[in-house]
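Asks: Sharing a model prediction with you, sequence too.
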Amino acid sequence: MDTKLLDILVCPLCKGPLLYRKPDSELICKIDRIAFNIKDDIPIMLEDEARKLPADEEI
């Protein structure tokens with residue numbers, strides 16, 4: 001994942017910062033507890049495609 005792209009990407013829901021989780025190829029929004037998948041180095045920033053994080057999952 002390009003670090004320049006990571007610097008400008010924000011959560012499409014709350015406009016908050018995203019955390020890059022490299023082993024899972026995901027961008028995590030801590031505020032909304034949602035994970036956006038990254039496919040072929042392209043983040044899928046659609047709410048319908050995002051994974052909701054369970055309350056017991058560590059961020």
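Replies: Right, received. Where do you want to start? Numbering: from 1, shown residues only.
Asks: can you map out the strands along this structure?
Replies: 19-21, 26-29, 34-39, 42-43, 51-52 (DSSP state E).
Asks: which stretches of this protein have low pLDDT?
Replies: In the predicted model, the chain carries no residue with pLDDT under 70.
Asks: tell me, what residue is most central in it?
Replies: Closest to where the C-alpha atoms of the chain average out (CA atoms, centre = their mean) is Leu27, at 2.1 Å.
Asks: Wait, that residue touches Leu19, no?
Replies: Yes - contact between Leu27 and Leu19 holds when scored by CB atoms under 8 Å: they sit 7.1 Å apart. C-beta coordinates here come from the backbone N, C-alpha and C atoms, glycine included.
Asks: Now Leu18: phi and psi?
Replies: Here the main-chain torsion angles of Leu18 (degrees, to the nearest 10) amount to phi -120, psi 150.
Asks: Show the contacting residues for the closest residue to it other than its chain neighbours.
Replies: Leaving aside its sequence neighbours, Leu18 sits nearest to Leu27 (CB to CB, 6 or more residues apart in numbering; 4.3 Å). Going by CB atoms under 8 Å, 6 or more residues apart in numbering, Leu27 touches 9, 18-21, 35-36, 38, 43, 45.
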